[in-house]
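Novice: What would the 3D arrangement of this be:
(2 chains)
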Amino acid sequence: MSNTGSRNDYLVAACCGLLFGAGLALSRMIDPARVLGFLDVLGGAWDPTLLFVFIGALLIAVPGFAQAREREQPYFAPVFVAPAGNAIDRDLLMGAVLFGIGWGLAGICPGPAVVNLASLEPQALLFAASMLGGMFLFKLRHG
Amino acid sequence: MVDDYLVWPALAGGMLIGLSAVLLYLCNGRIAGISGILAGALHGDEAERGWRIRFLLGLVGGGALVSVLGFPYALEFRSTPLVTILAGLLVGYGTRLGNGCTSGHGVCGMGRGSRRSLVAVLVFIGTGMFTATLVSLVWGLP
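Specialist: Sure thing, here's the model as predicted:
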């Protein structure tokens, strides 16, 4: 990323974070009970909210990323940095399984975990601290 | 049953999330995957830390802004503290091992048409549904 000038990329990053956090809060996906209402399919009153959030996000993301493919480079950076691999390997599957179990237990994924820090709720802080602990454990094991 | 009034906030919120992901990629060439941004801000490449920290601060601010503007902002935690800790460890470790979470694989990966991300999303939604449903059947809803 460019290291000169007014760092437009920093401004973009802060604004994108703001949009993302506002989107998660507006759609109520920061509420663990609501996410569990989607994941618990036999809970009686299945809650499809999460599905609508995905639909809304992909309505913008699919044409947006297609637009990016037409470009040589991003506006404020020299290159697009995107995962190149397409391998469906053991790590991907095991990682998704472990994440899915944790998500199903508490109803919190990393985005809402960060947004919910502002609430200062003990459970929110506990989850975020444990999640960072899990990331450190991974770093210790895999470097 | 479907809460009709939530369909529109959900679609609108989803569109903000999609817009965020597209803008970050079009402008900065970076993927808006929260687990990756978080891990990278903690122990990633020094040159990449600045934008990641700003993104995360914006993320917290965006949620707070919605609350300040008067939109509903209730959080109901269902898990006991011990289960919350276990869940956090699994989410942190799993998203690093699988190289992404709901945002990176779900929004950006699927948005880019990545087959790898589609598989990850199907697996973590499937496992999440299995776990949440099992927990609810065994312990019952509060």
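
Novice: Quick check: closest non-adjacent residue to the residue positioned nearest the centre of chain A.
Specialist: Geometric centre of chain A, nearest residue: A:G111, 4.5 Å, by C-alpha atoms, centre = their mean. With sequence-adjacent residues excluded and distances taken as C-beta to C-beta, 6 or more residues apart in numbering or on different chains, A:G111 is closest to B:I34, at 4.3 Å. The C-beta positions use only the backbone N, C-alpha and C, and glycine is treated the same way.

Novice: what do you get for B:S79?
Specialist: Distance criterion C-beta to C-beta, 6+ apart; nearest residue to B:S79, sequence neighbours excluded, is A:A106 at 4.6 Å.

Novice: distance of the one you found from A:R69?
Specialist: 36 Å (C-beta to C-beta, to the nearest Å).

Novice: Looking only at neighbour counts, state which of the two leads.
Specialist: The neighbour count for A:A106 versus A:R69, taken as other C-beta atoms under 10 Å in any protein chain shown, is higher for A:A106 (32 against 9).

Novice: and that one, what pLDDT?
Specialist: Predicted confidence (pLDDT) for A:A106: 98.

Novice: In contact with it, which residues?
Specialist: A:P32, A:F127, B:F77, B:R78, B:S79, B:V83, B:T84, B:A87, B:G88, B:V91 (C-beta atoms under 8 Å, 6 or more residues apart in numbering or on different chains).

Novice: Buried ones from those, can you make that a ChimeraX selection?
Specialist: Burial among the contacts of A:A106 is assessed by 16 or more other C-beta atoms under 10 Å in any protein chain shown; the matching ChimeraX selection reads:
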select /A:32,127 /B:77,78,79,83,84,87,88,91
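
Novice: So the residue nearest to the centre of chain A, which state does it fall into?
Specialist: helix (DSSP: H, G, I helix; E, B strand; the rest coil).

Novice: Low-confidence regions, chain A specifically.
Specialist: Scanning chain A for pLDDT under 70 picks out the ranges A:1-6.

Novice: let's see it at 50
Specialist: Residues of chain A meeting the criterion pLDDT under 50: A:1-2.

Novice: can you map out the helices along the chain?
Specialist: Let's take chain A. A:8-26, A:32-39, A:49-69, A:90-106, A:110-115, A:122-142 (DSSP state H).

Novice: The chain in question should be chain B.
Specialist: Using DSSP H, helices in chain B cover B:7-23, B:34-43, B:49-68, B:81-97, B:110-111, B:115-139.

Novice: tell me what the first one is packed against?
Specialist: For helix B:7-23, the packing partners by 3 or more C-beta pairs under 8 Å, 6 or more residues apart in numbering or on different chains; DSSP states H and E come out as helix A:8-26, helix A:49-69, helix B:110-111.

Novice: so which of those helices is the most packed in?
Specialist: helix A:8-26 (a mean of 25; mean count of other C-beta atoms under 10 Å in any protein chain shown).

Novice: picking up where we left off before, next up, the contacts around the residue nearest to A:G111.
Specialist: A:F20, A:C109, A:P110, A:G111, A:V114, B:L59, B:C101, B:T102, B:S103, B:G104.

Novice: Quick check, A:C16 in contact with B:G61.
Specialist: No. At 11.7 Å, A:C16 and B:G61 do not qualify as touching, with contact defined as C-beta atoms under 8 Å.

Novice: Now do residue 85: how many residues are near it, please.
Specialist: Here I'm looking at chain A. A:G85 is flanked by 10 other residues according to other C-beta under 10 Å.

Novice: nope, chain B please
Specialist: 20.

Novice: Name the nearest residue to it, ignoring sequence neighbours.
Specialist: Using C-beta to C-beta, 6+ apart, the nearest residue to B:I85 is A:S130, at 4.6 Å.

Novice: The closest residue to A:I101 other than its chain neighbours and A:A25: what is the separation?
Specialist: Nearest non-adjacent residue to A:I101, counting by C-beta to C-beta, 6+ apart: B:T131, 5.0 Å away. Per C-beta to C-beta, B:T131 is found 25 Å from A:A25.

Novice: Kindly report the same for B:V135.
Specialist: On the measure of C-beta to C-beta, B:V135 and A:A25 end up 25 Å apart.
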